[in-house]
Structures are given as C-alpha cells and as structure tokens.
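Asker: Let me see the structure of the following:
(chains A, B and C)
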Amino acid sequence: MNTTLRRALGAAAAAALGLPVLAACGSGGSDEADGGKTVTLVSHDSFQVSDSVLKEFEQQSGYTVKVLKSGDAGAAVNQAILSVKHPQGDVFFGVDNTLLSRALGKDLFAPYEAKGLDRVPKELQLDADRHRVTPIDTGDICVNYDRAYFADHKLAPPQSFDDLVKPEYKNLLVTENSATSSPGLAFQLGTVAKYGDSGWQDYWKKLKANGVEVVDGWEQAYNQRFSGSAAGRKAKGDKPLVVSYASSPPAEVLDAKPQPKEGPTGVATGTCFRQIEFAGLLSGAKNTEGGKALIDFLLSKKFQDDMPLSMFVNPVVRDATLPEVFTKYGAKAEHPEVLAPEKIAANREQWVKEWSSIVLK
Amino acid sequence: MVLDRPEVTVSEKPPRAPLSGSRKPRRTMRPTAVRLGLMAVPLAFFGVFFAYPVAAIVSRGLREDGRWQLGRIGDVLGDPATLHVLWFTTWQALASTALTLALALPGAYVFARFDFPGKRLLRAVVTVPFVLPTVVVGAAFLALVGRGGLLDELWGVRLDTTVWAILLAHVFFNYAVVVRTVGGLWAQLDPRQEEAARVLGAGRFAAWRRVTLPALAPAVAAAALMVFLFTFTSFGVVQILGGPRYSTLEVEIYQQTAQLLDLPTAAVLTLVQFVAVAVLLVVHGRTVRRRESALRLVDAARTARRPRGAAQWTLLGSVLAVVALLVLLPLAVLVLRSFDGPDGYGLAFYRALASAGDNGGTFVVAPLEAIGNSLGYALAATGIAVVVGGLAAAALTRRGSRLTRGFDALLMLPLGTSAVTVGFGFLITLDEPPLDLRTSWILVPLAQALVGVPFVVRTMLPVLRAVDARLREAAAVLGASPLRAWREVDLPMVARALGIAAGFAFAVSLGEFGATVFIARPDSPTLPVAVARLLGRPGELNYGQAMALSTILMLVCAAALLVLERVRTDRSGEF
Amino acid sequence: MSLLRLDGVTVRFGTRAVLDAVDLEVAEHETVCVLGPSGSGKSTLLRVVAGLQPVDAGRVLLSGGDQTGVPTHRREVGLMFQDHQLFPQRDVGGNVAFGLRMRGTGRAETERRVTELLDLVGLPGAQRRSVAALSGGEQQRVALARALAPRPRLLMLDEPLGQLDRSLRERLVVELRELFGRLGTTVLAVTHDQGEAFALADRVVVMRDGRIAQVGTPLEVWQRPASEFVARFLGFDNVVPATVAGERADTAWGEVPVPPDTPEGECKLLVRPGGVRLVPVAEGLACEVTGRTFRGDHVLVLLRPADGPELEASCGLRAAPEPGERVGVAFDAHDVVALRD
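Answerer: Prediction:
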C-alpha cells in the first residue's frame, strides 16, 4: 500500500509539474494544424449536428472539424467578443439578431459571401451589404398552449398578443425573465415590435394585471409550470400557456409511438418573434479557407435538412425539406414580429430595465 | 462506567510558547526556504489559474483607455439596485445559516452520539446534496416544495418563488456541512467530561451548556461560517427556486458578465464579493485557530451508543424525520421521475441513455460518454487538487507568519468567486502560447481543481498539524533527513486523510458545473453539463433522461462518499 | 578527550535564558545525569546536543568536532524521548530497525541487529507486535532498543523512567546501569528524580534556571550539597541561618556542632535528618512533634522548636514519638553541612 501510494503521488506530481510541457505540446499541435487540416467551429451548448452529416463534410472537404461549445448563446457570443484578438477558432455559429449588433460593433467577423446565399430569403440577410455574417437558421418564439386544457374548459386557445390580456386567459400564462432568459427577452422584443417603443409598457402592465407569471429560465417554465409538456404534466404544471419555441410541439411527439393524430400542444401563431441565427468567419481565423468551406457547409442542403431534428430550428434555405413531424405538428407563423438588430442593441438594456420595474417589482 | 475507553489524546501539545519569536533570522532561514519551496507549486497554480485571470477580467472592467476608472466603483455602489442585491444576499445568507444550524445541530448530535442501523449509509446520503449540481437539485427540490409537490398535495403549502424555498434548499445543501464539522468533533469529545460535571452536581442541561457547548462552540462557528460562505455566494438555488424577484451578488455577476458583457459593473460586484468573502475568511481563520486548542478527544467509535429512553428515541425519530423530509425526499422524487417513463414505471429512460447516438443527432450527447468524461475529468482534477492542496497543506503545517496565514486564505478564495469570472478570466489570459489552454481539455480539470484544493487543504491540515513534531524529531535523531522524516512519519499517518481529501475533491469535481459550462472545449460534456443540456430541450425523453442521468450522478457521488465513510479517520478535518 | 563538550551554550526564549552560558563535558563511556526541577533547562540541553534546538551563543563539540551547522540527522547521537515517541504505524521491529534503515544498513544485518537488541532489552521475538499494544515498561524497552540500534556515539535519555511505576523504575535503573556498563555506552540523561540520577550516573549535574548549580559524583553531591537550592532539591529541609565560630555555630536552634574545617562567619547550615537525634526534653532543644511520615524502613518525624524553622528527624520505627509529644533534639556534627549561599 505504501509503495502504491508513493507511486500514485509521484505520478500526480509529475502530472502537475508536466503541465507547462503539456500546454506547449497542445499549442504546438494547433499551430501545426494551421496548415489547413483542422477547422474549428466555436458555438453555444445547443449546437448539434448528426455525426453522419459532419463525417460526410469532413470526407469531401478533407478538413477535420473541431467543435467548441461554451455556455448558452449569450455567454458564447460574449466570450467570442472578449477573445476577439486571439479567437479560439475559425468560425462562430450562434449569434442571433438580438446580439448581432454587439458582435458586429466589435469587429468579431470578417466578410465572406457564402456559396448558396442566393437560396436564402433577402429579409433574413441582415448584413447583406458586407456579408460579415451568414444566416443559418430561424426559430420563432411563440406562446405554446396545452390543447387538453382548452378542450376541457371549452375555451378557444389565444392566438395573438391582444388575446393574452383578455380576462378569459387570466392567470394562465407563464413566461421567462427577460434579464436571464433568451426566449423571455425575445417575447418581450415581440411586444416591443408589435406595440412600439412607447406602447409595449402599457401592454405589459395589462399582462401583469392579467396574472402573467415570470420564472427565471425556460426549463422551469416549460418543464415545471407548463401543463402541456410531458415533463410539466409529471410535475403537475399549472399553466396552460407558456412562452417557448414554435418547434416545441413537434418535440413533444417526436418519441411517441405510435404518433398521435394531433400533438398535445399548439402554437399561438400571432405571438411570435423571429430569431435568426448567424454564422461568421472570425476575424483573425487561422484557417480562413477551412472556415469558408465550413460556412458553405452550414448552408448546404445536407446540413439544413439535418438541423430541424438536431437543433429544433427552421432551415433558412428555400430548398430544404422539413421532416414530417415538423410539418404535421409544428406551426408556421406567417407574420412573425421582427426588430432591427441596431435598434435592439441600442435599447436592449433600457428595455429590460423598464420591463423589470413593470413586471417584477 | 466505561473505564476501558481507549483514549486518543490530541497529540497537539500545549503550545511551547517561548519557541516562537525567539529564533534569530539566521536560524529560520532553512525552514522558511523549505516552506517557500513547498509553496512554489501551489502559488504558481493559483497565480496562473486564479489570481491572474480574475485580476485580468476585473481590470478589463475598471480600465478604459489605459486609465483606471475608479469612479465606476462609486457609481455602481451608489446604485440602489446594487444595495438591494447586497442587502438580500446578506440577509438570506444569515437566515439560511441560522436555519441550517437550527435543523442540523440536533442531527450532528444524533450522528455523533447515537448508534443506529444504517447510520454510515445515511451519513453518506446526507452529504450527496452537497456535491450535486444545482440544476439537478433545483428540479428535485421543486418537486418537494413547488407546485404539486408533496407539501402542496398534503397541506396545500407552496414555497417556490418565496424566499422560504431558497432557505430550505440551502439547508438541504448544507445540512452535511454542519453534521460533519460539528458532529465529527462532538463524536470525539470525551463524554466523561460531562459525566464529571454531573458528578459535581450539574444538571444534564447545565453540564451540556458548561462543558460540551464551550468545547463545541468553535466547531459550530466554523460550520456556520462555511454555510454562510456557501449561501452568500449561492447561484443556482436562487435562480431556480427564488424566481426572478430574488437575486444575489453571484447571480448579478453572472448576469453582468455572461449576458450583458457589462464588465465594469461585474468588476465592481466581484470586488464587493471579494471583500465580503475575505472578511469571512479572516473570521473563519480566527475560529479555526481557536478550535485547534487542546481538547481531550476519544475514539469516535466508542462514544456512540444505542438511544435509551423515550426522550432519546424521540430525538432520533425527529432528526430522521427532518432528514427524510428535507434531504431524502427530494432525492427520492428525482429517482422516481427517472423511472416514470411514458409507459408507466420502468427503465425506459435508462435504456434511452444507453442507446443514445443510434438516432443520429437527436440526442444532445451520448450520455454514457458523459459519465466517462466526468470520471476522467474528475480523476485528473483530483490528481491536481491533491498535489497542489497536499503541498500547500504541507507548507502550512507549521503555523507561523502572517504570510502563511494569508496564503491559507488565498486558497479559499475560489470558493467565493463566481465561476463566470474565472471562466471569462481564463478566456482573456490563457490565450497566447505557451499558455493557450483555452481549448485544451486540461482547463476543465484545472478549473475543477480550484474548487477541490480548499477541500484538500482543509481536510489535510488538521491531520498534518496533529502529527507530533517530536515524532519527526525522533526520526531526525535516528538519522532521517527532513524530507525522509516527512515521508516516513507524516505521510503514513496522513495517508487516510489524503484518501478522504482525494475522495472529496473527486466528488466535488464530479458535481462542478459553473466553471465547466463556461469553458469551451471540444465536445466532451460532463454529467452535470449533459443534464443541463437535456433539461434545456423539450420533450419527455429528454427530461426523463436528465432525471436518469441525475440519478446516476447521484449514485456515483454517493458511492464515492460511502467509500470515504469507510476510511474516515479520527481527525479528518472540517469536512 | 571528552566525547561531548559544551562551551558557553546559551539559549534564550524571548528575554529569558533557558540555558545560560553552560559549560559541560562528558567523557567517553561515562554516564552523566542532569538533575533539576522542571523548567531548569535540562531538556533543552539535550535538544541542543541533538541539534533540535538552535543555540544563541556557544558551541557543541562531539568527539572534538564543532557541531554548528550540522543537522540533527548527521550528528549520530541517540535520543530517547520522555514519552518514547514510538512510530505508531510501525510494529516493534519496524521501530527498532528505523535508525538502521536510515543509515542504509543491509536487510540481513538489520534483522540480526533488531533481534540482538530486542534480546538485550528483554523483549525477544517481539518484532511483529504493535507498539500500541505494549505496556509502558515494554514501550520503554523498545524506545531504548531503537535508540541503541544504530550505535550512537552518545545516547541521550530524557526522563527515561519518568512515567513508570516505582517498582518497575527501580528494577530498570539497575538494568540500565548494568547494560550501559556492559556496552560501554556514553550516556547523557536528564531527570528530575534524584534517586534515578544517583542510581544511574557516574557524575551528576544539578541545574537551576539554566545554570549549573553543582557537578560531582552522586556521593559528593549527596554528602556535600553546594547550596541551599541543591540541598532543598535533594529533599533536605533542615536549613537554618548560622554564624560559625570554630567548631560551633550559633543558630535559632541554639548551638549546633559543625565539622572541623567549616569556614568561619555567617552561612546557612544543613542538618541531614539522620543527624537529628531525639533525646529527653531536658537534654536538648525542646520541640513538639507535629507529624510523622513512614518511609518504609524509618520514620520521618516533624518537629516544631520554640524558635527557628521546623525540623525533620529520621528515627527507627519503634523509637518514633507520637504527635503532640514533647521531645529534645541534639545534632551530630558529621551530618551538618555548611552551605555556600
């Protein structure tokens, strides 16, 4: 026992002291990779792609893709901004329209016009002049409803922002804190877009009077409080309305066998705010060519077809095919609310502060 | 009367008072050199992986155009919102500490003095929450005090989004801190001292108050300060259970840094938290030093007996009831949900975990892989923590200068520092060769080790200090050089404490979530990160798998702690 | 050449000198006992020789070599600690073998030596026993064997028999003396027990407050304590101020006879209890008996004279008077010692 311990200690000491060596090796390795074999994608924790799709790209392009994930969308963007001088990778994916201005203002990205951009609707190309970022996916944040609840209570589910403040929907909605949750902020931005710079405050006062409940995160809202989700049913959720994604209903039936005729939840399509996620070539990227190839890949039909089921978002290219579960159970908002990124960047903090003092105090 | 009770006198001799202060500098050169040598690795570790990154991110916030913007400090501190946060942070921590002590002190007594079947297992189980990530605990705890939770079903009582939920969850997390710190000492207090007081005419309570309580007071103070420190820097619990109306400093720092990138405000708040934590550590250091006074300690195994009489059985019963309600129930709900599949109770979610990956990208992570990652990271973190913490403890063994005391406090600081501060600090400092570790796997265990080191030091130090210096002298006279004497005398004696320290570091790294989530790495998520990702996605299967994975995490932690229970030493430090 | 020499060794704790310019020599094969009350600095003396305690002034020489700067583990001395300090995690054999292992002695040789030493201290075959299971006397023997095993040039004993009971102590003292004689070991021991010191030592050093109060053979010290301090430390309490004139001294007890060569003038006189004879009241100093203490083969009688300090007299078991009786006291000149201060 004595000798084993001694040996173990020795090994641990060697490990600790060997750190600098190891570090040197590590960086040496990546320098070598500059030659062009490895391309690094920096993203948030939600980034996901099917193995087979990624493998195919690696085989065809000859690049090895390394994916780095760090925190949620906000944290990931901010980390990228902080390390703008020494970027961690070649491509960043996951900056959305609510954060875009901040990223562009800090010169995070280098211009690149991706192949296949012509297949993307113009209204999604928010930096069309300079092509510093490329739209990759969209996701709508909308109120979801629990079908069973409204059927049981013989009540029509709400369809629009205006509906939500009506007395028949009193105490039914749970949303997320704008200050801590990205869907929460998006929902608030939706109301700003809908009611204007000076009108949204009144709307929230009414919403508060109508008993809106605010929790800190999407997980709590959707998995604990919402009565329509599987987890929420188990947790005896008490709110039949929740701010979530337009793609949440398909997710609820994804694993059900056999698949039901109708999903347990639906989307109030008049309450949607559109988030567009972008990718961009990091300025200072070591492997520029590889980065460009990677962005092209993110717009390829293969990747765009894969996205709905791996990340629960909508593709941006016109030729992508949605999986059946999306078309059957999902909803498409015809006229989602949108806001210019510059406007969001300029007012975001003030809006969140105002919102907090109206809703939380 | 039990006369044959073997005695373990604290080998710590009453201070040979005249020794200090008399040595001439010439004579202390060598011990000081040795101490500095031992400190080199821990100092380098803390310098590079803590002080430098944190200082960098703070000064990035407070400097603009190459000038210090110290006016910012006043601006932020003058903001009523900041004061509100500071006030809430302080009072909830005070209230949590008081409540934890009130509920856990009887538990400490019961674990110390009573023998009952399953005690060892139970002691391991009550420690599980301490090392579980808050994401998991939040979900479990909501099931107890939240809507549709047990209290709601029975009496219609709901505590979520009230401050009570925060306080109770803090009790849940820190119950073990009190039971272990106070109970550990209590079990070793010689009951004959109380008996002596009884013989001298003191009533049962008077004997306890005049004999046991004073002996226990420093341990109680130490436990209280640890609980205060943990609750003062509470993050996940406040976010998940408190609802949006409650916010602690730690939550604000996270907000300002990760979400708003308002580094100036974050820097000021970080400094405020530093000051608060530093004050705490100074007070804590004082009580710990007092606690090391000579007490008559006996083998813990001999002081516990089966409860006798209605009063003792009632006490045992009520403590077990509190444990069941506050600790076991939330954990049980978690386990239950992991089995509550779409087709009734079964192993559906566990099977899904095992078969993940078959369905292409549907699953966020291959969950079994996460277990492997977690174990690998935790092992590496444990290795680093044991080496760094062990060397630091060895350097600190000989009490002495203010310098070493300061070093002691420095080692504790990471416990009071926001993970996001460290994580973002890494990002802007470790970005150039030879230290471009940002994307290296080693950064994760390094960050985890930062949290593990204080535990290693706290566990090892009392044991090392309890090794009689004269044993080392005996070895020296017999021809052993100082290093050899340490290896031959100290090491064998502290081997068990080292094992315990390693186990704790392991369990803590296993549950570490904050720093891990901010560190960009080639995708190899740990268990807590995987749980968080699964919870972040809709659909029954994801949620169920999160519960199943949490249960597995819980089991791994419990198993590690149970092994520790078997090797508990007589003096195993504060934890 | 002496094996150990201390030249003006001074150790200060704060402002207090625990050792104050101590000079001491120990010859080869000699056993020297340092005797003194607790706090007199005797343990510090051993620690200085072992190199465990740095000195503020002076030198320690072993076999003529200055030990300044030589660390403990290179001094090749042995030290038996007061409470033995056996290594709890090693068995008896492991403890005894420790010093040999540190010196790189081969395995076979170590085993042979351990066996030999355990035989020597009367614990044959105890190698595998746990030290926690040993009695006090056995621990003592193991500690001795451990200290002797590496053949130190100087063996130091700190209160070697302090914690043992009386009968065991008396037996062990004899054994130790016989053993050291046989092995030719040079020994420096410290103790607060005069009986132990006198039984063990060739030479006794009495210490007081960091200074040497008296050096001599046990007999010299016993017969002629140099000072009141030494006298009282040895247990002699019949001390009285006196003025010597010729073979008579004038004291509060009246006239006391003194040995012929006693210096004239003021001094203090010690009368050993054996030199206090009980006589009929009329024939000597009148005293009242205030108490009796049995001392095995004799009785110590406490006496209160009309004037001057109380007296102790040693007398036979049967001759001892009852408390309350009035007796007379006479003094024998050859049990009277004039003290220097």
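
Asker: Do you have the strands of chain B handy? List them.
Answerer: Taking DSSP state E, the strands of chain B run over residues B:7-9, B:63-64, B:67-68, B:296-298, B:340-341, B:344-345, B:521-522.

Asker: now the third one: mean pLDDT?
Answerer: Rounded to a whole number, the mean pLDDT of strand B:67-68 is 81.

Asker: May I have the strands that pair with it, each with its orientation?
Answerer: Strand pairing for strand B:67-68, using DSSP bridges, gives strand B:63-64 (antiparallel).

Asker: burial measure for A:E324, as a count.
Answerer: 10 (other C-beta atoms under 10 Å in any protein chain shown). Backbone N, C-alpha and C define where each C-beta goes, glycine included.

Asker: So it versus chain B, what's the distance?
Answerer: Separation of A:E324 from chain B (C-beta to the nearest C-beta, to the nearest Å): 15 Å.

Asker: A:K66 too?
Answerer: Counting by C-beta to the nearest C-beta - A:K66 and chain B are separated by 6 Å.

Asker: what sits opposite that residue in the beta ladder?
Answerer: A:T40.

Asker: residue contacts, it?
Answerer: A:38-41, A:89, B:439, B:522 (C-beta atoms under 8 Å, 6 or more residues apart in numbering or on different chains).

Asker: Got a PyMOL select line for the buried ones in those residues?
Answerer: PyMOL command restricting the contacts of A:K66 to the buried ones, with burial defined by 16 or more other C-beta atoms under 10 Å in any protein chain shown:
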select buried, (chain A and resi 38+39+40+41+89) or (chain B and resi 439)
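
Asker: Point out where the chain drops to low pLDDT.
Answerer: Using chain A here. A:1-36 (pLDDT under 70).

Asker: Switch to chain C, please.
Answerer: For chain C, the ranges with pLDDT under 70 are C:1, C:163, C:341.

Asker: what are the phi and psi angles of the residue in it positioned nearest to chain B?
Answerer: At 2.9 Å from chain B, C:F13 is the closest residue in chain C, using C-beta to the nearest C-beta. Phi and psi for C:F13, reported as degrees, to the nearest 10, are phi -110, psi 110.

Asker: now it, which residues is it bridged with?
Answerer: C:R16.

Asker: Number of residues surrounding it?
Answerer: C:F13 is flanked by 20 other residues according to other C-beta under 10 Å.

Asker: Just want the residue of the stretch 1-150 of chain C that's nearest chain A.
Answerer: Counting by C-beta to the nearest C-beta, the stretch 1-150 of chain C gets nearest chain A through C:Q89, at 9.6 Å.

Asker: nearest residue to that residue other than its sequence neighbours?
Answerer: In space, and not counting its chain neighbours, C:Q89 is closest to B:P492: 4.6 Å by C-beta to C-beta, 6 or more residues apart in numbering or on different chains.

Asker: how many neighbours does B:V279 have?
Answerer: B:V279 has 10 nearby residues by other C-beta under 10 Å.

Asker: Kindly apply the preceding question to C:A226 instead.
Answerer: The number of residues packed near C:A226 is 18, by other C-beta under 10 Å.

Asker: Am I right that it is in a helix?
Answerer: No. Counting by DSSP: H, G, I helix; E, B strand; the rest coil, C:A226 is not part of a helix but coil.

Asker: Need phi/psi at it.
Answerer: Per degrees, to the nearest 10, the backbone of C:A226 is at phi -80, psi -30.

Asker: Next up, the contacts around it.
Answerer: C:206, C:213-214, C:339-340.

Asker: now do B:L549
Answerer: Per C-beta under 8 Å, 6+ apart, neighbours of B:L549: B:353, B:367, B:370, B:527, B:530-531, B:534.

Asker: A:L117 now?
Answerer: By C-beta under 8 Å, 6+ apart, the neighbours of A:L117 are A:125, A:131, A:134, A:299.

Asker: How about the residue lying closest to the first one once chain neighbours are set aside: which residues does it bridge to?
Answerer: By that I understand A:Q125. Excluding the flanking residues, the one nearest A:Q125 by C-beta to C-beta, 6+ apart is A:P135, at 6.1 Å. Here A:P135 shows beta-bridge partners A:F278, assigned using DSSP bridges.

Asker: Show the subsequent helix or strand relative to the longest helix seen in chain C.
Answerer: Determined from DSSP state H, the single longest helix within chain C is helix C:166-183. Next helix or strand after helix C:166-183 toward the C-terminus (DSSP states H and E): strand C:187-191.

Asker: Most neighbours among the contacts of B:L549, which one is it?
Answerer: Neighbour count (other C-beta under 10 Å) singles out B:L527 as the most crowded of these, with 30 neighbours.

Asker: Test my guess that that residue contacts B:L368.
Answerer: No. In terms of C-beta atoms under 8 Å, B:L527 does not count as a neighbour of B:L368; the distance is 10.5 Å.

Asker: picking up where we left off before, can you tell me which of the contacts of A:L117 is nearest C:G39?
Answerer: A:T134 (85.9 Å; C-beta to C-beta).

Asker: OK, contacts around the residue nearest to B:V268 when sequence neighbours are not counted?
Answerer: Closest residue to B:V268 apart from its sequence neighbours, by C-beta to C-beta, 6+ apart: B:V76 at 4.0 Å. By C-beta under 8 Å, 6+ apart, the contact set of B:V76 is B:82, B:264-265, B:268-269.

Asker: Next one, pLDDT for B:V76 please.
Answerer: 84.

Asker: And it, how far from B:S59?
Answerer: 15 Å (C-beta to C-beta, to the nearest Å).

Asker: So C:S2 belongs to a strand, correct?
Answerer: No. Using three-state DSSP, the assignment for C:S2 is coil, not a strand.

Asker: how about the residue lying closest to it once chain neighbours are set aside, secondary structure?
Answerer: Nearest-residue entry for C:S2: C:E25, 4.2 Å, with adjacent residues in sequence omitted and distances by C-beta to C-beta, 6+ apart. Look at C:E25: counting by three-state DSSP, its state is strand.

Asker: Contacts only, for C:E25.
Answerer: C:2, C:4-6.

Asker: Who is it paired with across the strands?
Answerer: C:R5.

Asker: give the contact list for residue 71.
Answerer: I went with chain A, as the question did not name one. A:44-45, A:79, B:258, B:423, B:517-518.

Asker: sorry, should have said chain C
Answerer: Contacts of C:P71 (C-beta under 8 Å, 6+ apart): B:476, B:481-482, C:51.

Asker: again, but for C:V276
Answerer: Applying C-beta under 8 Å, 6+ apart to C:V276 gives the contacts C:238, C:303, C:311-314, C:329-331, C:335.

Asker: Quick check: phi and psi on it?
Answerer: phi -100, psi 110.

Asker: May I have the beta-bridge partners of it?
Answerer: For C:V276, the beta-bridge assignment (DSSP bridges) gives partners C:F331.

Asker: try A:F109
Answerer: A:L282.

Asker: Next one: it from B:L260, what distance?
Answerer: A:F109 is 21 Å from B:L260, by C-beta to C-beta.

Asker: So between these two, which is more surrounded?
Answerer: A:F109 (27 against 18).

Asker: Relative to B:A51, which of the contacts of A:L117 is nearest.
Answerer: Checking those against B:A51 with C-beta to C-beta, the nearest one is A:T134 at 40.2 Å.

Asker: so the residue of the stretch 1-150 of chain C closest to chain A touches B:L491, yeah?
Answerer: No. In this structure, C:Q89 is not within contact of B:L491 by C-beta under 8 Å, at 9.8 Å.

Asker: Whichever of the contacts of A:G71 end up buried, select them in ChimeraX.
Answerer: In ChimeraX, this line selects whichever of the contacts of A:G71 come out buried by 16+ other C-beta under 10 Å:
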select /A:44,45,79 /B:258,423,517,518
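
Asker: check the contacts of A:G71 against chain C, which are close?
Answerer: Contacts with chain C are made by none of the contacts of A:G71, judged by C-beta under 8 Å from any C-beta of the partner chain.
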